[in-house]
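Trainee: Turn this into a structure:
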Amino acid sequence: MVLNYIWIAFFVIAFIVALVKLVFFGDTEVFQLMMDSTFKSSKDAFEISLGLTGVLALWLGIMKIGEQGGVVNVFARILSPVFTKLFPDIPKGHPATGSIFMNISANMLGLDNAATPMGLKAMEHLQSLNPKKDTASNSMIMFLVLNTSGLTLIPISILVYRAQQGAAQPTDVFIPILLATFFSTMAGVIVTSLYQRINLLNRTLLLTLGGMCAAVAAIIWGFSQLDSSAMNTVSVNVANILLMTIIIAFILAGLRKKVNVYEAFIEGAKDGFTTAVRIIPYLVAILVGIGVFRASGAMDVLMDGIRWVIGLTGIDTSFVEALPTALMKPLSGSGSRGMMVDAMSAYGADSFVGRLSCIFQGSTDTTFYILAVYFGSVGVRYTRHAVTCGLLADLAGIIAAIFICYFFF
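Mentor: Sure, this is the predicted structure:
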């Protein structure tokens with residue numbers, strides 16, 4: 001229901017802003033830009049879904065081998081003590097636990113192409129446990145908030161963009177991004193737990209969250225010992241080696257269980273095509289709404305308003321120039337990426353604004369895109385508190401990014 005109101009707001013606000021620009025400022029092109037955006041966004045949505053088809057077929061095929069080979073169940077058993085606390089509605093040892101772990105691991109390593117199919121598979125498992133098929137369950141919401149908070153340990157794409165923009169040290173935002181995305185994820189878990197009345201003050205979760213903090217600190221320390229070239233090389237190789245190791249491990253596990261791995265792969269891959277087709281309407285809806293909002297100039301009006309309000313308080317407004325990246329990230333990954341590159345081009349890759357825009361880009365994920373695709377894939381219409389928790393996690397990441405950037409740079 002929340003997505004419904006937000007989607008309507010995109011169009012209504014965009015129309016009002018465009019009408020004002022036409023009547024009071026004589027902008028005769030604004031409505032043409034909005035209509036062009038609707039067609040372009042619709043095309044982009046279809047192309048994104050089409051582009052996902054092959055990747056979905058590959059990874060859902062691999063996941064099917066993992067399921068039949070028992071790998072997913074092994075992950076489920078290992079993670080049961082923790083996941084039974086965060087996901088109390090999931091039965092102990094259920095395959096959903098393994099799929100959730102695989103998705104989160106892929107996200108942490110920046111393996112977007114692998115993360116989405118694994119996430120869709122996890123949603124399929126969670127929907128099988130959901131008593132109200134058109135309404136998001138608590139487990140679905142917790143899972144999606146973990147996704148939208150964007151916990152990423154290796155933000156390689158951002159480092160590559162910084163190098164392309166001529167940054168003296170492309171990796172100087174690596175540690176700030178790790179810290180910002182960690183705060184975003186922790187905030188998402190805490191807020192969602194409060195909504196769902198999950199007790200975080202128990203031994204298992206305290207040890208797990210403490211272990212995560214220690215692991216993040218160790219990774220930060222390890223990468224801080226490397227120069228920029230070595231850091232990029234290690235990041236890329238770790239991600240690629242791990243990805244190939246997962247594929248080989250699943251195949252070997254299937255052989256060990258005497259599974260016909262080829263037939264299992266084909267069976268899973270067929271689901272990739274149907275899933276890609278199923279999410280097209282949801283992607284068209286959300287991307288068209290975002291595109292119209294941007295094309296009308298409503299985003300620019302919003303930014304000007306924020307700049308004016310902050311200016312009245314006397315607070316340093318240096319960070320405002322990077323806010324378009326932060327505000328666009330929950331709406332569109334490609335849009336926020338474009339704004340990040342634009343900020344680096346306009347102000348310099350090594351400027352405060354350039355660096356902050358990169359930290360914004362890495363601190364959260366595309367909340368509305370994820371909600372539209374994941375809920376759309378299983379036919380969920382009523383999202384309950386998913387949007388609220390996801391956006392609060394995004395807000396925590398944005399605030400953390402600002403303070404961290406001031407601290408480092």
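Trainee: could you give the mean pLDDT of stretch 253-263?
Mentor: Model confidence over stretch 253-263, given as mean pLDDT, is 90.
Trainee: quick one: what helix or strand has A18 in it?
Mentor: Secondary structure from DSSP states H and E places A18 in helix 2-25.
Trainee: Give me the angle between the very next helix or strand once past that helix and helix 2-25.
Mentor: Once helix 2-25 ends, the next helix or strand along the chain (criterion: DSSP H and E) is helix 30-69. Inter-element angle recorded for helix 30-69 and helix 2-25: 160 degrees (by axes from the mean of the first three to the mean of the last three C-alpha atoms, to 10 degrees).
Trainee: Against which helices or strands is helix 30-69 packed?
Mentor: Taking 3 or more C-beta pairs under 8 Å, 6 or more residues apart in numbering; DSSP states H and E as contact, the helices and strands that helix 30-69 lies on are helix 2-25, helix 71-86, helix 95-108, helix 112-129, helix 228-256, helix 261-278, helix 280-295. To be clear about C-beta, it is placed using only N, CA and C from the backbone, and glycine gets the same treatment.
Trainee: export those helices to a markdown table and tack on distance to T366?
Mentor: Shown next, in a markdown table, are the helices and strands packed on helix 30-69 (distance: least, C-beta to C-beta, whole Å):
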| stretch | distance to T366 |
| --- | --- |
| helix 2-25 | 14 |
| helix 71-86 | 22 |
| helix 95-108 | 12 |
| helix 112-129 | 10 |
| helix 228-256 | 20 |
| helix 261-278 | 18 |
| helix 280-295 | 10 |
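Trainee: Show me the one of those helices that comes nearest A180.
Mentor: Counting by C-beta to C-beta, A180 lies closest to helix 95-108 out of the helices and strands packed on helix 30-69; the figure is 14.3 Å.
Trainee: Could the C-alpha coordinates of that closest one be exported in PDB?
Mentor: These are the backbone C-alpha positions of helix 95-108, laid out as PDB (Å, rounded to 0.1, in the frame of the first residue of the first chain):
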ATOM      1  CA  PRO A  95      16.000 -24.100   2.600                       C
ATOM      2  CA  ALA A  96      15.100 -20.500   2.900                       C
ATOM      3  CA  THR A  97      17.900 -20.000   5.400                       C
ATOM      4  CA  GLY A  98      20.500 -21.200   3.000                       C
ATOM      5  CA  SER A  99      19.200 -19.000   0.100                       C
ATOM      6  CA  ILE A 100      19.100 -15.900   2.300                       C
ATOM      7  CA  PHE A 101      22.700 -16.600   3.400                       C
ATOM      8  CA  MET A 102      23.800 -17.000  -0.300                       C
ATOM      9  CA  ASN A 103      22.100 -13.800  -1.300                       C
ATOM     10  CA  ILE A 104      23.600 -11.700   1.600                       C
ATOM     11  CA  SER A 105      27.000 -13.100   0.900                       C
ATOM     12  CA  ALA A 106      26.800 -12.200  -2.700                       C
ATOM     13  CA  ASN A 107      25.700  -8.700  -1.800                       C
ATOM     14  CA  MET A 108      28.500  -8.200   0.600                       C
END
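Trainee: Quick check, pLDDT for the residue nearest in space to the middle of the chain.
Mentor: If you average the C-alpha coordinates of the chain and look for the closest C-alpha using C-alpha atoms, centre = their mean, you land on D365, 3.0 Å from that point. Predicted confidence (pLDDT) at D365: the value is 80.
Trainee: got the contact list for it?
Mentor: Listed by C-beta atoms under 8 Å, 6 or more residues apart in numbering, the contact partners of D365 are N107, N147, T148, S149, G150, K329, P330, G333.
Trainee: State the phi and psi torsions of it.
Mentor: When quoted as degrees, to the nearest 10, the phi and psi of D365 stand at phi -120, psi -180.
Trainee: Next SSE downstream of the helix or strand harbouring L178?
Mentor: Assessed by DSSP H and E, L178 sits inside helix 174-196. Counting by DSSP H and E, the element after helix 174-196 in chain order, helix or strand, is helix 203-224.
Trainee: follow-up on the earlier one: by neighbour count, which of the contacts of D365 wins?
Mentor: Per-residue neighbour counts (other C-beta atoms under 10 Å) across the contacts of D365 peak at S149, which has 31 neighbours.
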